[in-house]
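Novice: Pasted the sequence and its predicted model underneath.
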Amino acid sequence: MSQPVVTRFAPSPTGFLHIGGVRTALFNWLYARRHGGKMLLRIEDTDRERSTPEAITAIIDGLNWMGLTSDDATVYQFSRASRHAEVARALVDEGKAYLCFATPEELTEMRDKAKQEGRPMRYDGRWRDRDPAEAPPGAKPVIRLKAPLEGETVVDDMVQGRVTWANRDLDDLVLLRSDGTPTYMLAVVVDDHDMGVTHIIRGDDHLTNGARQTQIYQSCGWAVPAMAHIPLIHGPDGAKLSKRHGALGIEAYRAMGYLPAALRNYLVRLGWSHGDQEVFSTDEMASLFDMKNVGRSAARFDFAKLSNLNGIYMRQSEDGALLTALEDMLPHVEGGAAFQAAIDGGGRARLLAMMPGLKERAKTLVELMDGAQFLFAQRPLAMDDKAKGLLDAEGKARLADALQTLEAVEHWDAATTEGAIRTLSEASGIKLGQYAQPLRAAMTGHATSPGIFDVLAVLGRDESLGRMRDQISA
RNA sequence: GCGCCCUUCGUCUAUCGGUUAGGACACCAGAUUUUCAUUCUGGGAAGACGGGUUCGACUCCCGUAGGGCGCGCCA
């Protein structure tokens, strides 16, 4: 009853680590934290054809970035193949499994026939009680579980409740392939057992597997771990998450400028709730997380809400920490290298000085970077066409005068900056309050003022330009 | 087709039979901010449908519809 909780996250390295997988890892991690246990990581690389080292790296990098790390050495399932085979053979010896010599052709035939008759494909058990001596010479058998024919198998799920299957609906699954390698079904059970896993927390799509695995546990005479099948995450349109929707690898979220803490917060609220609370620190989640508050229906992924949360986390972040997070993202985003160079080239202090004004205008680190871009742009900036169109010759002359005055200022402080903004606004007829915050920060944090043409060039890129143009001509 | 699961505002969700069905995102309106953003205030917006059970049902039961997952010598 009071044995320590052991959970595990067991991805197969056949593709990227998608957002649903990350949430599964998060739930496992939180559940372990909550009960003072540990979460293990197992890479299910028994599919030699499709498993790749790149995928393994991506999974581990992604989990590290999310802060969801294993509490023990990572287990690679393929390396345990001989143990899996050993268990399968022991089961045969005990009469709980048997050798099956049915050929792929026979199975295809079974499948086609079942389809024609509108039944689900189910192996008919033709070798279940047959003497292996009758096998055609040279044929390589698989090992199948001798599953119970009658009665029922139940999974007492922590999320889904008690789910029951009639055993006649479950056929004799393959444990060991004809080439001697274990199937997923066998490997999972043996590994979970050997790793001492007490709680299996995984996607709802494994619910049926839960029943079949329960049969294997029972045949082995092992205690069945507690199971929690959590609802899946769907795309914004309610359909299964596909590439088209944003079933992107976790690295894509990093490149989009989301903070791990914000992502954890967003993900934990997809399916789990604690009354009306929306914002949870990681410590809070770890102390409150509970399976009984996990819902049973699939949730749609909503970027708008993620962005909103990310904005909250950014605004709450200390400036230095935010800069660190930004620099962590830079290698993963287009133009990041140049931006990093600008920071290292003496721009760090100015960027930090601007941070209070910038961070409340950005919902992602990418937006933060964009917002700060003008600070590091090549001086003098070429005024773009939109900006040029704002001013006639007379206006330009007025601005030149104003600029000259400003450039005579020797020391910039909050008051002079305020005055400068006012002066420039009046001279140009453009409301520059928009840039008051960043300008103020840039000017006081650095001895040089950006020229008005710099500002205009920035304005020219701004979407609010149209409105300002209207104000000017009016 | 068969099995299993799901169904409260557009989205994420609260509600442990009795509530004007609450919160958050998004949206709309207003205040502050010389624009924007932030912040604040207000607004519209939901129990899929049909039967039961009950004094009373979003909540329990059955059915229908819709959606999802599974049905390999893939994981």
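Specialist: Nice, thanks for sending it over. Numbering: from 1, shown residues only, chains lettered A, B, ... in the order given.
Novice: ok, now which ones touch the residue in the stretch 251-400 of chain A that RNA strand B sits nearest to?
Specialist: Minimum separation of the stretch 251-400 of chain A from RNA strand B (CB to the nearest atom of the strand) falls at A:S297, amounting to 2.8 Å. Bear in mind the C-beta positions are built from the backbone N, C-alpha and C, glycine included. By CB atoms under 8 Å, 6 or more residues apart in numbering, the contact list for A:S297 reads A:P231.
Novice: Quick one: classify it as helix, strand or coil.
Specialist: coil (DSSP: H, G, I helix; E, B strand; the rest coil).
Novice: what about A:M227, helix or strand, and which?
Specialist: Assigned by DSSP states H and E, A:M227 belongs to strand A:226-230.
Novice: Sorry, wrong one. I was asking about A:L63.
Specialist: Using DSSP H and E, A:L63 falls in helix A:53-66.
Novice: do A:M285 as well
Specialist: helix A:282-288.
Novice: Now do the helix or strand just after that helix, average pLDDT.
Specialist: Moving toward the C-terminus from helix A:282-288, the first helix or strand encountered (DSSP H and E) is strand A:299-300. Per-region confidence: strand A:299-300 scores 92 on mean pLDDT.
Novice: Tell me the first helix or strand C-terminal of strand A:299-300.
Specialist: Counting by DSSP H and E, what follows strand A:299-300 is helix A:303-316.
Novice: got a list of contacts for that next one?
Specialist: By CB under 8 Å, 6+ apart, helix A:303-316 touches A:236, A:246, A:257-259, A:261-263, A:265-266, A:278-279, A:322, A:359-360, A:362-365, A:368.
Novice: before we move on, what about stretch A:91-106?
Specialist: With CB under 8 Å, 6+ apart, stretch A:91-106 has contacts from A:88, A:123, A:126-129, A:132, A:135-136, A:139, A:141-146, A:172, A:174-175, A:219-220.
Novice: how long is stretch A:332-348 end to end?
Specialist: 19 Å (CA to CA, to the nearest Å).
Novice: Mind checking the pLDDT average for that stretch?
Specialist: 91.
Novice: Okay, buried residues for that stretch please.
Specialist: The neighbour-count check on stretch A:332-348 (16 or more other CB atoms under 10 Å) flags A:V333, A:G336, A:F339, A:A342, A:I343, A:G347 as buried.
Novice: check which helix or strand covers A:K140.
Specialist: Counting by DSSP H and E, A:K140 is part of no helix or strand.
Novice: ok, now which ones touch it?
Specialist: By CB under 8 Å, 6+ apart, the neighbours of A:K140 are A:S178, A:D179.
Novice: now swap in A:S273 and tell me
Specialist: Counting by CB under 8 Å, 6+ apart, A:S273 has contacts A:N293, A:G295.
Novice: List phi and psi for it.
Specialist: Taking degrees, to the nearest 10, you get phi -150, psi 160 for the backbone angles of A:S273.
Novice: What score does it have for pLDDT?
Specialist: 95.
Novice: for the stretch 101-250 of chain A, which spans come out with low pLDDT?
Specialist: Within the stretch 101-250 of chain A, the set of residues satisfying pLDDT under 70 comprises A:118-119, A:135, A:239-247.
Novice: can you map out the helices along it?
Specialist: Using DSSP state H, counting those that start in this stretch, the helices of the stretch 101-250 of chain A run over residues A:104-116, A:184-194, A:207-220, A:250-255.
Novice: Pick the most buried one from these.
Specialist: helix A:184-194 (a mean of 22; mean count of other CB atoms under 10 Å).
Novice: now for it, which elements pack on it?
Specialist: On a contact count with 3 or more CB pairs under 8 Å, 6 or more residues apart in numbering; DSSP states H and E, helix A:184-194 meets helix A:81-93, strand A:174-176, helix A:207-220.
Novice: Export these to CSV and append columns for distance to RNA strand B.
Specialist: Listed next are the helices and strands packed on helix A:184-194 as CSV, based on distance: least, CB to the nearest atom of the strand, whole Å:
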stretch, distance to RNA strand B
helix A:81-93, 10
strand A:174-176, 4
helix A:207-220, 4
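Novice: Just send those back as a markdown table, with distance to A:L309 too.
Specialist: Formatted as a markdown table, the helices and strands packed on helix A:184-194 follow (distance: least, CB to CB, whole Å):
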| stretch | distance to A:L309 |
| --- | --- |
| helix A:81-93 | 42 |
| strand A:174-176 | 45 |
| helix A:207-220 | 29 |
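Novice: Figure out which of the ones you listed is closest to A:D191.
Specialist: helix A:81-93 (8.0 Å; CB to CB).
Novice: ok, back up a step: wait, which of the helices of the stretch 101-250 of chain A is closest to A:T57?
Specialist: Of the helices of the stretch 101-250 of chain A, nearest to A:T57 by CB to CB is helix A:250-255, at 10.4 Å.
Novice: which residues are in contact with the next helix or strand after that closest one?
Specialist: Counting by DSSP H and E, the next helix or strand C-terminal to helix A:250-255 is helix A:260-268. Under the criterion CB under 8 Å, 6+ apart, residues A:19, A:22-23, A:26-27, A:30, A:65-67, A:253, A:279-282, A:285, A:289, A:305-306, A:309-310, A:312-314 lie in contact with helix A:260-268.
Novice: near RNA strand B, from the contacts of helix A:303-316?
Specialist: The residues of the contacts of helix A:303-316 that also fall near RNA strand B, by CB under 7 Å from any atom of the strand, are A:E278, A:E360.
Novice: now the contacts of helix A:303-316: which count as buried?
Specialist: A:246, A:257-259, A:261-263, A:265-266, A:322, A:359, A:362-365, A:368.
Novice: ok, back up a step: residues in contact with the helix holding A:M285?
Specialist: A:L30, A:R33, A:R34, A:G67, A:A261, A:R264, A:N265, A:V268, A:H274, A:F280.
Novice: ok so, going back, gap between the residue of the stretch 251-400 of chain A closest to RNA strand B and A:P231?
Specialist: Distance, A:S297 to A:P231, by CB to CB, to the nearest Å: 6 Å.
Novice: repeat for A:W65
Specialist: From A:W65 to A:P231 the distance is 24 Å (CB to CB).
Novice: repeat for A:R48
Specialist: The value you get for A:R48 to A:P231, if CB to CB is used, is 32 Å.
Novice: So which of the two has more stuff around it?
Specialist: Of the pair A:R48 and A:P231, A:P231 is the one with more neighbours under other CB atoms under 10 Å, namely 20 against 8.
Novice: backbone phi and psi for A:R296, please?
Specialist: According to degrees, to the nearest 10, A:R296 has phi -110, psi 0.
Novice: no no, A:Q77
Specialist: The phi/psi pair for A:Q77 (degrees, to the nearest 10) is phi -60, psi -40.
Novice: show me the contacts for it.
Specialist: With CB under 8 Å, 6+ apart, A:Q77 has these contacts: A:A10, A:R42, A:I43, A:E44, A:D45, A:T46, A:A187, A:D191.
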